[in-house]
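Engineer: Would you be able to build a 3D model of this:
(2 chains)
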Amino acid sequence: MTTISSAGTMSGAGAGFLDKERTIAAAGFNRWLVPPAALCIHLCIGMAYGFSVFWLPLSRAIGITAPKACPDITLAQELFTTTCDWKVASMGWMFTLFFVVLGVSAAIWGGWLERVGPRKAGFVAALCWCGGLVLGAIGIYVHQLWVMWLGSGVIGGIGLGLGYISPVSTLVKWFPDRRGMATGMAIMGFGGGAMIGSPLADWLMNQFKTPTSVGVWETFLALAAGYFVFMMIGAFRYRLPPAGWRPDGWTPPSEKKTMISEHQVHLDDAHKTPQFWLIWWVLCLNVSAGIGVIGMASPMLQEIFAGKLIGLPEVGFNALTAAQKAQIAGIAAGFAGLLSLFNIGGRFFWASMSDIIGRKSTYYCFFILGIVLYASAPTFAAMGSKLLFVLGFGIILSMYGGGFATVPAYLADMFGTQFVGAIHGRLLTAWSTAGIIGPVVVNYIREFQLAAGVPRDQLYNTTMYILCAMLIAGLICNYLIKPVDPKWHMSEAEVARLQAASAGASAGQTGSFGIGRGGLDGKAALFWLFVAIPLAWGVYMTLLSAVKIL
Amino acid sequence: MHRTRVLLTAALLVAGSFHIAAAQTSTTAPAATAAPATTEAKPSKMKLTLEKLKEMKTKWSANRPKLKACRAEVKSKGLTGDDRWFYIEDCMNKT
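Structural biologist: As a prediction, the model looks like this:
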């Protein structure tokens, strides 16, 4: 075992406090302090999923008690109006902005992140995400939709992209023995962010509400302040392992037996390989089908189970009164909450599972099991079995989340760990694309069928079968993924040159450098509690809403 | 390769168990729902023939203006999510 007790302490001198050189871990560091640092960032930016909590209050920001609607207003007019309330649909564009800008910014600045390290990237992410919220608050205060879009959507979206990829390569380097589990933990935080943020925002809006304000801009400011503190803690707790670091007693698995490459592919070459594009399509198709099914789950539950949800099994959906429909809509919201629990649970479960069965096999699972479950969902519903219906959708959602969480490790296996953060950033354009494809496919197919006179009882079947076709395409792409052609591998000299340029390099040596394997000591336990308590509160709040379905 | 095979077998077993569970539930379902259950959206079999496809295409061409009008209504009302989903359906069913 090589031990260089000074590893990580030698090169920090003279560097700025955000520089990569200052983040190299010293001997005695515990690697289990890194995942909670990543969670600090991901739990904050994950609130992007929960923004819909603001739409209803914002839709009556001027009218206060009821929306001051201007029926004939166009979207362009809405951007600048100060006298009409915004439509929920117009505010919904924020989600498109979030996820398109997330993908684009991750793709653009991934290379920069690899150069400057995770601390600076996390710091800038905090400035963008929280600064975006502040600008969004100003937009709401002056009632200018374009300012809110620019602030929260565009600038905040850049923060999302940088924050999302900031811990990926760091975690993969710290946990070469469990890279799936490590990235799964961080990406689970992104799924859990809305669970904390939505009820918190709801509570804050109620505190700030006055006869002249719906309390949203004040909530934006409060959230920005809280998130800034949390994200700073995360950014400043990031540590990088010294180059060549390996956990004590760990030897890399044989490349011949597994699909885990010991070689590095340069960021500039990764997108030239078929593997990159095949993984791109694997992610895009898995996410598109998942987003499609998320859009369908709630109306499908309401329409098919209808009166059964409120103890009136003989009453169909159309025979329900408005009050009863509102009641089942509340139950459907609980169902959506339950699905989000499966989504975040799946991120951790499947990513950890991928360390045991391999990434390719994990995606085979997603696609094969997915095809069976998507195709069976209408049957489960028709049988009137709430348990099978909820369980089926739950597993589908767990695989949707698992797809996100497993992909960084898949990339690290294929392209090595040197540029995995940046390559992952470029791959996230698949997510942005899926964010457009999924809802469009589901809505348009359904509306096309309605116009073509397809009986109502068939509408869900056909849409599900089309989503199955997407999964079959994904399955084929996954099958075609083979190890990267050696012509794309960086030479040992190139890798050594690159590592020598980075801080903490130990002249080509490998070992644990006195860092060991780490464990849950007192300091790590406290940091874990720091992130686990809010997450547990969010899960509890979600469960409270989800029990309505029982 | 061996792992992949094991995994595929496991996936098929899980899938199989779901179908068994489904089959078991469906055999008990008629008794449980012997009461007049009138949920409208129950999947049934629809055979897709060339004739059926032609018929669908004709209907789709005829209903396109109606769909366009319904989409315009949804847009003007600013509906999203479930509200959009149900509104379009009700709107298309209007005579």
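Engineer: any idea how far A:Leu369 is from A:Gly346?
Structural biologist: 12 Å (C-beta to C-beta, to the nearest Å). Just so you know, the C-beta spots here come from the backbone N, C-alpha and C atoms, and that holds for glycine as well.
Engineer: and for the two, which residues touch both?
Structural biologist: A:Met399 (C-beta atoms under 8 Å, 6 or more residues apart in numbering or on different chains).
Engineer: Are the helix or strand harbouring A:Ile371 and chain B in contact anywhere?
Structural biologist: Element membership for A:Ile371 (DSSP states H and E) is helix A:359-382. Yes. If you take C-beta under 8 Å from any C-beta of the partner chain as the test, helix A:359-382 does meet chain B, through A:360-361, A:364-365, A:368-369, A:372-373, A:376, A:378-382.
Engineer: So A:Leu369 and A:Gly346 - more neighbours on which side?
Structural biologist: Per other C-beta atoms under 10 Å in any protein chain shown, whichever of A:Leu369 and A:Gly346 has more neighbours is A:Gly346, with 28 against 21.
Engineer: OK, contacts around that one?
Structural biologist: Counted by C-beta under 8 Å, 6+ apart, A:Gly346 has contacts A:Leu397, A:Ser398, A:Met399, A:Tyr400, A:Gly401, A:Gly402, A:Ala405.
Engineer: again, but for A:Ala125
Structural biologist: By C-beta under 8 Å, 6+ apart, the residues touching A:Ala125 are A:Ile41, A:Ile45, A:Gly159, A:Leu160, A:Leu162, A:Gly163, A:Ser166, A:Met231, A:Ala235.
Engineer: Quickly list the domain ranges of chain B.
Structural biologist: When chain B is parsed with automatic domain parsing, its domains come out as B:1-32, B:46-95.
Engineer: and those domains, which one's lowest on average pLDDT?
Structural biologist: Among the domains of chain B, domain B:1-32 has the lowest mean pLDDT, at a mean of 43.
Engineer: Show me where chain A dips below the pLDDT cut-off.
Structural biologist: A:1-15, A:255-257, A:457, A:501-508 (pLDDT under 70).
Engineer: which residue ranges form the strands in it?
Structural biologist: Counting by DSSP state E, chain A has no strands at all.
Engineer: Find the closest residue to chain B in it.
Structural biologist: A:Lys87 (2.8 Å; C-beta to the nearest C-beta).
Engineer: In contact with that residue, which residues?
Structural biologist: So A:Lys87 contacts A:Ser59, A:Ala69, A:Ile73, A:Glu78, B:Lys77, B:Gly78 (C-beta under 8 Å, 6+ apart).
Engineer: Take these and write them to a markdown table, including distance to A:Trp174 and neighbour count.
Structural biologist: A markdown table is the format used below for these (distance: C-beta to C-beta, whole Å; neighbours: other C-beta atoms under 10 Å in any protein chain shown):
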| residue | distance to A:Trp174 | neighbour count |
| --- | --- | --- |
| A:Ser59 | 45 | 22 |
| A:Ala69 | 53 | 18 |
| A:Ile73 | 52 | 18 |
| A:Glu78 | 47 | 19 |
| B:Lys77 | 51 | 16 |
| B:Gly78 | 47 | 23 |
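Engineer: Counting only helices, which of the contacts of A:Ala125 make the cut?
Structural biologist: Using DSSP state H, A:Ile41, A:Ile45, A:Gly159, A:Leu160, A:Leu162, A:Gly163, A:Met231, A:Ala235 are the members of these that sit in helices.
Engineer: can you list the residues of the stretch 401-550 of chain A near chain B?
Structural biologist: A:443, A:446-448, A:450-461.
Engineer: what do you get if the cut-off is 7 Å, keeping everything else the same?
Structural biologist: Contact residues (C-beta under 7 Å from any C-beta of the partner chain) of the stretch 401-550 of chain A with chain B: A:447-448, A:450-458, A:460-461.
Engineer: Buried ones among those?
Structural biologist: A:Glu447, A:Phe448, A:Leu450, A:Ala451, A:Ala452, A:Val454, A:Arg456, A:Asp457, A:Gln458, A:Tyr460, A:Asn461 (16 or more other C-beta atoms under 10 Å in any protein chain shown).
Engineer: so who does the second one touch?
Structural biologist: Put plainly, it is A:Phe448. By C-beta atoms under 7 Å, 6 or more residues apart in numbering or on different chains, the contact list for A:Phe448 reads B:Trp60.
Engineer: mind listing what the residue of chain B found nearest chain A touches?
Structural biologist: Per C-beta to the nearest C-beta, B:Gly78 is where chain B lies closest to chain A, at 2.8 Å. B:Gly78 sits next to A:Lys87, A:Val88, A:Ala89, A:Ser90 when contact means C-beta under 7 Å, 6+ apart.
Engineer: separation between the closest residue to it other than its chain neighbours and A:Thr74?
Structural biologist: Spatial nearest neighbour of B:Gly78, excluding adjacent residues (C-beta to C-beta, 6 or more residues apart in numbering or on different chains): A:Lys87 at 2.8 Å. Separation of A:Lys87 from A:Thr74 (C-beta to C-beta): 11 Å.
Engineer: likewise A:Ile291?
Structural biologist: A:Ile291 is 27 Å from A:Thr74, where distance means C-beta to C-beta.
Engineer: B:Ala72 now?
Structural biologist: Taking C-beta to C-beta, one finds B:Ala72 at 12 Å from A:Thr74.
Engineer: Contact partners for the residue nearest in space to the middle of chain A?
Structural biologist: Residue closest to the average C-alpha location in chain A (C-alpha atoms, centre = their mean): A:Phe190, at 4.5 Å. Neighbour list for A:Phe190: A:His42, A:Ile45, A:Gly46, A:Tyr164 [criterion: C-beta under 7 Å, 6+ apart].
Engineer: Would you mind pulling the contact partners of stretch A:96-104?
Structural biologist: Stretch A:96-104 has contacts (C-beta under 7 Å, 6+ apart) with A:48, A:149, A:153-154, A:157-158, A:160-161, A:164, A:428-429, A:431-432, A:435.
Engineer: Take the contacts of A:Phe190 and lay them out in CSV including distance to A:Gln509.
Structural biologist: What follows is those, written out as CSV (distance: C-beta to C-beta, whole Å):
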residue, distance to A:Gln509
A:His42, 33
A:Ile45, 36
A:Gly46, 38
A:Tyr164, 32
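Engineer: quick one: which of these is most hemmed in?
Structural biologist: Most surrounded of the contacts of A:Phe190: other C-beta under 10 Å gives A:Ile45, at 29 neighbours.
Engineer: Phi first, then psi, for the residue nearest to B:Gly78.
Structural biologist: phi -80, psi 150 (degrees, to the nearest 10).
Engineer: roughly how far apart are it and A:Thr81?
Structural biologist: Counting by C-beta to C-beta - A:Lys87 and A:Thr81 are separated by 11 Å.
Engineer: swap in A:His489?
Structural biologist: In terms of C-beta to C-beta, A:His489 sits 57 Å off from A:Thr81.
Engineer: I'd say A:Gly538 and A:Met195 touch.
Structural biologist: Yes. Under the criterion of C-beta atoms under 7 Å, A:Gly538 makes contact with A:Met195 at 3.2 Å.
Engineer: Tell me which of these two has more neighbours.
Structural biologist: Higher neighbour count among A:Gly538 and A:Met195: A:Met195, with 29 against 25, using other C-beta under 10 Å.
Engineer: Hmm, A:Ala536 and that one touching each other?
Structural biologist: No. In this structure, A:Met195 is not within contact of A:Ala536 by C-beta under 7 Å, at 9.9 Å.
Engineer: near chain B, which residues of the stretch 251-400 of chain A show up?
Structural biologist: Close to chain B, as judged by C-beta under 7 Å from any C-beta, the stretch 251-400 of chain A has residues A:298-299, A:303-304, A:306, A:313-314, A:316-318, A:329, A:357-358, A:361, A:364-365, A:368-369, A:372, A:376, A:378-380, A:382-385, A:388.
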